[in-house]
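In: give me a 3D structure for the following:
(chains A, B, C and D)
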Number of protein chains: 2
Amino acid sequence: MNKDRKISAPVIRRLPRYYRFLGELIDKNIQRISSRELSDKMGLTASQIRQDLNCFGGFGQQGYGYSVKGLHDEIGHILGLDNRYKAILLGAGNLGKAMAVHLSFEKIGFRLIGIFDNDPNKVGIKINDLTVMNEDDLERFCQENHPDAAIFCVPKSSAPELLEKLYKLGIRNYWNFSHYDLAFEHDDIIVENVHLNDSLMVLCYKISDKNGQKEN
Amino acid sequence: MNKDRKISAPVIRRLPRYYRFLGELIDKNIQRISSRELSDKMGLTASQIRQDLNCFGGFGQQGYGYSVKGLHDEIGHILGLDNRYKAILLGAGNLGKAMAVHLSFEKIGFRLIGIFDNDPNKVGIKINDLTVMNEDDLERFCQENHPDAAIFCVPKSSAPELLEKLYKLGIRNYWNFSHYDLAFEHDDIIVENVHLNDSLMVLCYKISDKNGQKEN
DNA sequence: TAAAAAATGATAAAAAATTAACAAGTTTTA
DNA sequence: TAAAACTTGTTAATTTTTTATCATTTTTTA
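Out: Residues are numbered from 1 along each chain as shown, chains lettered A, B, ... in the order given. A predicted model of the protein is given here:
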């Protein structure tokens, strides 16, 4: 699929953003766009957009630009959004519930097939059309359904142990919300982190930095 | 405070992670650490750690290393975590509620002082010790309380309009969860984005990429 | 229909970020 | 107490990422 393997992380992280902006253009019924116009909208350089896209192939046409729909589809395909990776959610607390309800998994490559919690009060609750299961059912469930990925919405304290359990059950891909860095015990797992605390701290830094500059 | 202004974004984004790891060392009663040891734990190079820290000053000592507690405090201070920036939360849906309940604002530079929603069914609900207010009360509330930052947990569709409202009320700092890029209408605002969709798409890419490599 | 304008993809240049190397100083060991 | 082992902060080298340039092709205009 890819031109020649190993796309750099910065490029990959920009792809979803391209995808989003192109989606908005589709909604506005715009059919073609040049790297220049897109760069204006997105606050990037046109050069960067062309460079990024050319990691995967020449999707544009000289003198014309890019087909919005065509490029949107291409990027969706590059990201693998046409997959339906089976995901299970660990932790049905506020955060886990929010993720289950808030996200449109089906549009972005996943299907949520199970929700687990070890709190008996949570077991049995319905979220979307799934019933929260006890963590004791994990083994049976995984053997029957072979989930591809796990969404980690558990407290830091239970993260390491739970990771081991899931690793033994064959799960290698993780979306991690716990305030804990997975991925050190095993070198064959993929982890995408959402460190909310870290993000808020960065905002705190930026605010403090701005205020500091004013004072100078 | 800073040695000489303008710290690069990659460095800033690593600071919370250093802070977290140092916090764990404190919990384990470890009092000193070398850049080498820390780099092993964190999966970085020792050189990078020393380089990063030296953006802000020489916190270590030759032959000894760094005082864990001292460095933790320094980084917390650099991040501005000793502030209590007043934050309001917009959107008391699943996601907003999760943020309010899940995060320890007070430990990371903020204080949550108000929650707003435009859904009458949500107004009046208690989250933590705050009662959800109607968005019509925003103006009065802001004039009385002067919040420093807004946490954006609203749907994409209402994001642009709400941003304008808050901008007019003087709010310049945003933590953005909406699937929308703020920060183009105004060049004097600070936005820290948490694009959950984007993050999940990146995971999707990584999984697809790994599978693709296997097939090759 | 011919010239001008516009736009890509590719290559080259520049800038930024990471890693390596090392002098200078501290701690530990024997 | 003297030598060996460590470790930082800094400077240099390397690598990565971003930006600029330009030949080539397409579209638009007159």
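
In: helices of chain A, residue ranges please.
Out: Ranges of helices within chain A are A:9-27, A:35-42, A:46-53, A:68-79, A:94-102, A:138-145, A:159-168, A:196-215, based on DSSP state H.

In: rank these by pLDDT, which is bottom?
Out: Least confidently modelled of the helices of chain A is helix A:196-215, at a mean of 89 by mean pLDDT.

In: quick one: that helix to chain centroid distance?
Out: Centroid displacement of helix A:196-215 relative to its chain, using C-alpha atoms, centre = their mean, to the nearest Å, is 25 Å.

In: same check on stretch A:129-143?
Out: Counting by C-alpha atoms, centre = their mean, stretch A:129-143 comes out at 23 Å from the chain centroid.

In: so it, near chain B or not?
Out: No - against chain B, stretch A:129-143 shows no contacts by C-beta under 8 Å from any C-beta of the partner chain, the least distance being 14.5 Å. No exception for glycine: its C-beta is placed from N, CA and C like everyone else's.

In: how about that stretch, which residues are buried there?
Out: For stretch A:129-143, the buried set under the neighbour-count rule, 16 or more other C-beta atoms under 10 Å in any protein chain shown, comprises A:130, A:132, A:133, A:135, A:138, A:141, A:142.

In: closest point of chain A to DNA strand D, which residue?
Out: Closest to DNA strand D within chain A is residue A:63: 2.4 Å, counting by C-beta to the nearest atom of the strand.

In: state the phi and psi torsions of that residue.
Out: When read as degrees, to the nearest 10, the backbone of residue A:63 gives phi 80, psi -20.

In: tabulate the helices of chain A in a markdown table, adding columns for distance to DNA strand C.
Out: Formatted as a markdown table, the helices of chain A follow (distance: least, C-beta to the nearest atom of the strand, whole Å):
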| stretch | distance to DNA strand C |
| --- | --- |
| helix A:9-27 | 9 |
| helix A:35-42 | 4 |
| helix A:46-53 | 4 |
| helix A:68-79 | 9 |
| helix A:94-102 | 29 |
| helix A:138-145 | 35 |
| helix A:159-168 | 25 |
| helix A:196-215 | 14 |
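
In: compare these and give me the one nearest residue B:57.
Out: Closest to residue B:57 of the helices of chain A, according to C-beta to C-beta: helix A:196-215, at 14.7 Å.

In: so which bits of the strand ranked longest in chain A are buried?
Out: With secondary structure taken from DSSP state E, chain A has its longest strand at strand A:110-117. The neighbour-count check on strand A:110-117 (16+ other C-beta under 10 Å) flags A:110, A:112, A:113, A:114, A:115, A:116, A:117 as buried.

In: which elements pack onto that strand?
Out: With contacts defined as 3 or more C-beta pairs under 8 Å, 6 or more residues apart in numbering or on different chains; DSSP states H and E, strand A:110-117 has these neighbours: strand A:85-90, helix A:94-102, strand A:130-131, strand A:133-134, helix A:138-145.

In: do that again at 7 Å, thanks
Out: Counting contacts by 3 or more C-beta pairs under 7 Å, 6 or more residues apart in numbering or on different chains; DSSP states H and E, strand A:110-117 packs against strand A:85-90, strand A:130-131, strand A:133-134, helix A:138-145.

In: which residues touch the last one?
Out: Just to be clear, that refers to helix A:138-145. Contacts to helix A:138-145, defined as C-beta atoms under 7 Å, 6 or more residues apart in numbering or on different chains, come from residues A:86, A:113, A:114, A:116, A:133, A:165, A:169, A:170.

In: at 10 Å what do you get?
Out: The contact list for helix A:138-145 (C-beta atoms under 10 Å, 6 or more residues apart in numbering or on different chains) reads A:86, A:88, A:90, A:113-114, A:116, A:118, A:133, A:135, A:137, A:147, A:150, A:162, A:165-166, A:168-171.

In: what do you get for the second one?
Out: By C-beta under 10 Å, 6+ apart, the surrounding residues in contact with strand A:130-131 are A:88, A:89, A:92, A:100, A:112, A:113, A:114, A:115, A:123, A:124, A:125.

In: the residue nearest to the fourth one when sequence neighbours are not counted: how many residues sit nearby?
Out: If I follow you right, that is residue A:100. Leaving aside its sequence neighbours, residue A:100 sits nearest to residue A:127 (C-beta to C-beta, 6 or more residues apart in numbering or on different chains; 4.9 Å). For residue A:127, the neighbour count with other C-beta atoms under 10 Å in any protein chain shown is 19.
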